[in-house]
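S.K.: Model the structure of this input:
(2 chains)
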Protein chains: 2
Amino acid sequence: MKILVALGGNALGDNPQEQMELVKHAAESVADLVEQGHHVAIVHGNGPQVGMIQSAFETAHDYKQNIPIMLLPECGSMSQGYIGYHLQNAIYNSLASRNIIKDVATIVTQTVVDENDPAFQNPTKPIGKFHTKQEADELRKTIDLPMVEDAGRGYRFVVPSPRPIDIIEKNIIRELLDNDHVVIAAGGGGIPVIKGNTLRGVSAVIDKDFSSAKLAELIKADIFIILTAVKRVSINYNKPNEIEFSKLTIKDAKQYILDGQFGKGSMEPKIVAAISFVEHNKNGQAIIASLEDAALAVKGQAGTIIYE
Amino acid sequence: MKILVALGGNALGDNPQEQMELVKHAAESVADLVEQGHHVAIVHGNGPQVGMIQSAFETAHDYKQNIPIMLLPECGSMSQGYIGYHLQNAIYNSLASRNIIKDVATIVTQTVVDENDPAFQNPTKPIGKFHTKQEADELRKTIDLPMVEDAGRGYRFVVPSPRPIDIIEKNIIRELLDNDHVVIAAGGGGIPVIKGNTLRGVSAVIDKDFSSAKLAELIKADIFIILTAVKRVSINYNKPNEIEFSKLTIKDAKQYILDGQFGKGSMEPKIVAAISFVEHNKNGQAIIASLEDAALAVKGQAGTIIYE
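M.R.: Down below sits the predicted model:
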């Protein structure tokens, strides 16, 4: 079966040494699926990593003017190379340790967003480091992005978080997957581009759950699995009356969203992404499960299946 | 025909704004070849870019300890994402402006080097920023790389520059090329890895001319073209008795290398790479030409052909 795996960026640590270790867990889960005979594509988040890269350039630029400010599209592209390299290396190694020799590659990916997306009128996602008022005024002379003051801690840039509408490299990703290679793509949700006569990068962040649902839809995945820190989707989370689901209908899931049952920046976008995939691919299956349960979840023995 | 194009990193500028403009020249040359019906893979250098990334992290780490030091394999992977994104974006746009819709993608690439390569006994390539004696002593506690003192300007890390012996992602690159996609790969020569039971990144730099010759050999390119700043290979360079060649036999080229006719860090590795490709692919053709002459050179109307 053709499986798209979405992995959180938070599971990958804050520096290269941590990341090198932590990708091994993800790699084992992916290798489990490959060993079962599945064709696997991986989309990873990049929140902490793209923040680190942006912050490194901002900080270095403050002290050495020959180091340029790096805008988000470029920071995102760097994070795709950085995380992709560690992942493809670890997946190759995990497969090799099982005597499976398989080609694994990261595809630098651009994700199309709509310039009329309402998110562009209302940037909400804070990124990069905190600045003093004076630094903020200075930075705004060269960088055309709004800033917000954050509860006394200083000023930060905020960027829009538009929805993905297409993935430029989808044909290449689908082809590699159909030829039984392991593909890492749309890292961090993909580099956001606006498509007119040309493709133009924009300073924005795309939720990796939404991009992975879009990619799963475009490559016609059989299974779209979002790996996270919890074993199953639940309501009344962390309360005595918590209920875990092994299955959840789209109808119920939508109601629980309206009831505010899921964390806004954590579980809710995962549920929305799962619903979107199933609504677009009637024969596909969406699953939310924990990283270590990937192989069991695909067999229906762990996680939560979201279905029509 | 199947063409591998090698592009210098120096032609890509020192910051993202410059790079975004400069990649357009490279993109036009690649688009010319695609428009002629060729299948094109691109290998780019990354000297200035990987230096900038490494320097940004080193500088930022000096001031903010939560920003980690980035070692060369990771800096190289970031540079592949960063340059690859700009190139694939510009090539897509250049083709679109000619009404050619073509899939273009960057493949994050690992290049195998031999841990017994004599280069590892004798690291010579300075990288990153200059440090004071005190900074150097401090850094050497955490980073296991030799440093050299450079003519009073301070201390710099030096790394080995081993020869490439294999490209891990070669099958994927060849397949995409055979399916008529445009592929960017082995950026900066590729991330150097040592292959034992696993693949392990090492702090080294691989000459992009040598990696591109190796990749051209592995994908069985018909033409391997190295694009540079001069129109043709010449001897007695910049002297009154300078002689430019439209053709050069391997035998003569080897003699001129022994005579020290070519710049050590510039033209010589290009000639060595061209010779290596032709010796491995008897039916292939190696060409050295200027960036803007790519399409003419492939037709035999510009540049220097290196032949057996």
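
S.K.: Name the nearest residue to whichever residue of the stretch 201-308 of chain A sits closest to chain B, ignoring sequence neighbours.
M.R.: As assessed by Cβ to the nearest Cβ, chain B sits closest to A:G201 within the stretch 201-308 of chain A, at 6.9 Å. Where C-beta positions appear, they are placed from N, C-alpha and C, glycine not excepted. Nearest in space to A:G201, with sequence neighbours left out and distances taken as Cβ to Cβ, 6 or more residues apart in numbering or on different chains, is A:P73 at 3.3 Å.

S.K.: tell me which element the one you found falls in.
M.R.: Counting by DSSP states H and E, the element that carries A:P73 is helix A:72-96.

S.K.: just the angle between that helix and helix B:72-96, please?
M.R.: Per axes from the mean of the first three to the mean of the last three Cα atoms, to 10 degrees, the angle that helix A:72-96 makes with helix B:72-96 is 120 degrees.

S.K.: And the next helix or strand past helix A:72-96?
M.R.: Where DSSP H and E defines the elements, the next helix or strand beyond helix A:72-96 is strand A:104-107.

S.K.: leaving aside the residues next to it on the chain, what's closest to the residue in the stretch 151-300 of chain A that chain B sits nearest to?
M.R.: In the stretch 151-300 of chain A, the residue that lies nearest chain B is A:T198 (4.1 Å; Cβ to the nearest Cβ). Ranked by Cβ to Cβ, 6+ apart and with sequence neighbours excluded, the top spatial neighbour of A:T198 is B:N93, at 4.1 Å.

S.K.: what does A:N122 give?
M.R.: The spatially closest residue to A:N122, leaving aside those adjacent along the chain, is A:P160, at 7.1 Å (Cβ to Cβ, 6+ apart).

S.K.: mind showing which ranges of the stretch 151-300 of chain A have poor pLDDT?
M.R.: A:151 (pLDDT under 70).

S.K.: Around chain B, which positions in it sit nearby?
M.R.: The interface of the stretch 151-300 of chain A toward chain B, taken as Cβ under 8 Å from any Cβ of the partner chain, is made up of A:168-169, A:171-172, A:175-176, A:179, A:181, A:184, A:191, A:193, A:197-199, A:201.

S.K.: number of nearby residues for the residue in the stretch 51-200 of chain A that chain B sits nearest to?
M.R.: Using Cβ to the nearest Cβ, the closest approach of the stretch 51-200 of chain A to chain B is made by A:G81 at 2.8 Å. Using other Cβ atoms under 10 Å in any protein chain shown, A:G81 has 30 other residues around it.

S.K.: Contacts only, for the closest residue to it other than its chain neighbours.
M.R.: Closest residue to A:G81 in three dimensions, ignoring its sequence neighbours and counting by Cβ to Cβ, 6+ apart: B:G81, at 2.8 Å. By Cβ atoms under 8 Å, 6 or more residues apart in numbering or on different chains, the residues touching B:G81 are A:S77, A:M78, A:S79, A:Q80, A:G81, A:Y82, A:G84, A:V108, B:T106, B:V108.

S.K.: quick revisit: from what I see, the residue nearest to A:T198 and B:A31 are in contact.
M.R.: No - counting by Cβ atoms under 8 Å, B:N93 does not reach B:A31; the two are 9.1 Å apart.

S.K.: Counting neighbours, go ahead and name the busier of these two.
M.R.: When neighbours are counted by other Cβ under 10 Å, B:N93 and B:A31 differ, and B:A31 comes out ahead with 27 against 18.

S.K.: The more buried one contacts B:R98, correct?
M.R.: Yes - with contact defined as Cβ under 8 Å, B:A31 reaches B:R98; the gap is 6.4 Å.

S.K.: rewinding a little: ramachandran coordinates for the residue nearest to A:N122?
M.R.: The main-chain torsion angles of A:P160 are listed as degrees, to the nearest 10 and equal phi -80, psi 160.

S.K.: and the gap between it and A:E74?
M.R.: According to Cβ to Cβ, to the nearest Å, A:P160 and A:E74 sit 17 Å apart.

S.K.: More neighbours: which of the two?
M.R.: When A:P160 and A:E74 are compared for neighbours, A:E74 comes out ahead with 27 against 22, by other Cβ under 10 Å.

S.K.: sorry, back to before: for the residue of the stretch 201-308 of chain A closest to chain B, what are its contacts?
M.R.: A:L71, A:P73, A:E74, A:Q110, A:I191, A:P192, A:V193, B:Y85, B:N89.

S.K.: and what of A:K299?
M.R.: Going by Cβ under 8 Å, 6+ apart, the list of residues near A:K299 is empty.

S.K.: can you give me the end-to-end distance of stretch A:160-175?
M.R.: Length of stretch A:160-175, first residue to last, Cα to Cα, to the nearest Å: 32 Å.

S.K.: Then stretch A:97-117?
M.R.: Taking Cα to Cα, the first and last residues of stretch A:97-117 lie 46 Å apart.

S.K.: what do you get for stretch A:36-45?
M.R.: Here the two ends of stretch A:36-45 are set 25 Å apart, with distance taken as Cα to Cα.

S.K.: what residues does that stretch touch?
M.R.: Outside stretch A:36-45, the residues that touch it by Cβ under 8 Å, 6+ apart are A:1-10, A:12, A:26, A:30, A:33-34, A:83-84, A:87, A:91, A:173, A:177-178, A:180, A:182-189, A:208, A:211-212, A:215, A:219, A:221, A:295, A:298.
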